[in-house]
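Novice: Got a sequence here, can you model it:
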Amino acid sequence: MNKINSNEQDFSIVKRHISLSDFGALKQGQLKPSDLELFLEHISSCDHCSGLFANEMEKELIKAPVDMKANILKKSKRLDIQFTKAAKASVKMQLFRYSLKVITASLCAIVLMFSLSKTPYYSNTDNVIPVEIRVKDPNQPTLASSIRNGMDKFSNQILDFSNTIINMEVIKND
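Specialist: Just a heads-up that it's a prediction; the model follows:
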């Protein structure tokens, strides 16, 4: 950017539009940082210079092929791309159907629960015949206690095995 020496003995930017040579200096990186800052400030505040700047930068851009849009549309209609779109839609539809099934089952359960709670409950306690339970050998352990004893033995064996492995690792690493 051109600077001039004014009568007030200070440097200031000439209040003018930016020239093509200034654009050339910018492209070649020849502007000083202070001039670059002034250049960019002017571009941001001046509509005329920002338009010129956009036109100059547009010349540097690569032109898109004429048939680019047609190629993109043609490729988007390919079966594999359509299949991918359909698969995504299918997954969403499956989730929707599953949600509907869950909601329907929940509503049916609620309706049944309320409809059964209003029906009277008839008890048959008058017709119940008491049954006497006899134990053959009172010293014989019950099924529950024998299962509990077996599980206790099994858990102790696992504990002993894991302690053995841990001790082997500790000895090996010491």
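Novice: immediately after the longest helix along the chain, which helix or strand?
Specialist: Secondary structure of the chain read by DSSP state H shows that its longest helix is helix 79-117. Following helix 79-117 in sequence order, the next helix or strand is helix 143-173 (DSSP states H and E).
Novice: Packing partners of that next one?
Specialist: In terms of contacts (3 or more CB pairs under 8 Å, 6 or more residues apart in numbering; DSSP states H and E), helix 143-173 is not packed against any helix or strand. From N, CA and C alone the C-beta is placed, and that goes for glycine too.
Novice: hang on, the earlier thing: so how far is the longest helix of the chain from its chain's centroid?
Specialist: 22 Å (CA atoms, centre = their mean, to the nearest Å).
Novice: contacting residues around the nearest residue to E56 once chain neighbours are set aside?
Specialist: Distances taken as CB to CB, 6 or more residues apart in numbering place F23 nearest to E56, at 4.9 Å, with adjacent residues excluded. By CB atoms under 8 Å, 6 or more residues apart in numbering, the contact set of F23 is L52, F53, E56.
Novice: Secondary structure element for F23, which one?
Specialist: helix 20-28.
Novice: so where's this protein uncertain?
Specialist: 1-15, 117-130, 133-136, 138, 173-174 (pLDDT under 70).
Novice: Give me the domain ranges for it.
Specialist: 3-60, 68-117 (automatic domain parsing).
Novice: May I see the ones you listed arranged in JSON lines, with distance to N149 as well?
Specialist: What follows is the domains of the chain, written out as JSON lines (distance: least, CB to CB, whole Å):
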{"stretch": "domain 3-60", "distance to N149": "87"}
{"stretch": "domain 68-117", "distance to N149": "41"}
